[in-house]
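Chemist: heads up, no residue letters with this:
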C-alpha cells in the first residue's frame, strides 16, 4: 500500500495529461448547437443601416445564411470578402451585428461593402445569446421556414462553403417547406455537427 502512495501523483498526472491531450485533439468548430432543427428565435431589433425595427417575420422566406459579425472581430474582416462574393452569387445573407457601435458598423459596411439583405444591431447580445453564440463570426444556415439547419463557428471561406454549407444550402433550395421534414440525408447533416 505504501508503494501505491508513492506512485499516486504519477498516476494522477498521467490521467490529467491524457484528458488534456484529448481536449487538444477536439475541433472547436465541431460544437453542436442546441438550436439545430429548431426555429430562429424571435427578435425585434433595429436595422444597422436604417434604424427601422426588424423582426423574425422580415426574414425572406427562403434558405439563407444568418451571419454573426462585428467591427471589433478580426476574423470577421477575413470572412467579409467571401460573404460579399456569396451575396454577388445570389446567396441571401442576414447579418447580426454583435455588441457593436452602430456608427462603426455603418462605416464598416460602407467601406467593405454590404453583403447583407439587412443586418440587425444586437447591441446587448440577446439574440446572439438566444442563438447560443460563443463569439463572432458564427454562421447559421436557415431553411425557408425559419428553422436552423446548420451552425458553423469561425470564418466561412471557400472550403467551408463548398464542403459544409453549400451542399445543404442547395438541398434546401430544391425543397419546398412542406416536403422538408426528414428529407435531409444523414451525411449532409453530419457535416454541420
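Modeler: Received the coordinates, thanks. The structure displayed is predicted, hence computed values, not measured ones. Numbers count the residues shown, from 1 in each chain.

Chemist: a helix runs through residue 167, doesn't it?
Modeler: Yes - counting by DSSP: H, G, I helix; E, B strand; the rest coil, residue 167 is found in a helix.

Chemist: Would you verify that residue 97 is located in a helix?
Modeler: No - per three-state DSSP, residue 97 lies outside any helix segment and is strand.

Chemist: Provide a list of residues in contact with it.
Modeler: By C-beta atoms under 8 Å, 6 or more residues apart in numbering, the contact set of residue 97 is 48, 69, 70, 105, 119, 120, 121, 122. For the C-beta atoms, the positions are set from N, CA and C on the backbone; glycine is no exception.

Chemist: Pull the contacting residues for the first one.
Modeler: Remark: with contacts taken as C-beta under 8 Å, 6+ apart, residue 48 is in contact with 95, 97, 102, 105, 106, 109, 118, 119, 120, 121.

Chemist: any idea of the pLDDT on it?
Modeler: Looking at residue 48, its pLDDT reads 97.

Chemist: For it, what are phi and psi?
Modeler: Backbone torsions for residue 48, taken as degrees, to the nearest 10, come to phi -60, psi -40.

Chemist: gap between it and residue 116?
Modeler: Residue 48 is 8 Å from residue 116, where distance means C-beta to C-beta, to the nearest Å.

Chemist: Give me the common contacts of these two.
Modeler: 95, 109.

Chemist: hang on, the earlier thing: name the member of the contacts of residue 48 with the most neighbours.
Modeler: residue 97 (30 neighbours; other C-beta atoms under 10 Å).

Chemist: In strands, which of the contacts of residue 97 appear?
Modeler: 69, 119, 120, 121, 122 (DSSP state E).

Chemist: Could you check how far the last one is from residue 41?
Modeler: Same thing as residue 122. Residue 122 is 11 Å from residue 41, by C-beta to C-beta.

Chemist: that older thread, now render the contacts of residue 48 as TSV, adding pLDDT and distance to residue 76.
Modeler: Conversion of those to TSV gives the following (pLDDT from 0 to 100; distance: C-beta to C-beta, whole Å):
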residue	pLDDT	distance to residue 76
95	98	10
97	98	10
102	95	16
105	97	11
106	97	15
109	97	12
118	98	17
119	98	12
120	98	15
121	98	15
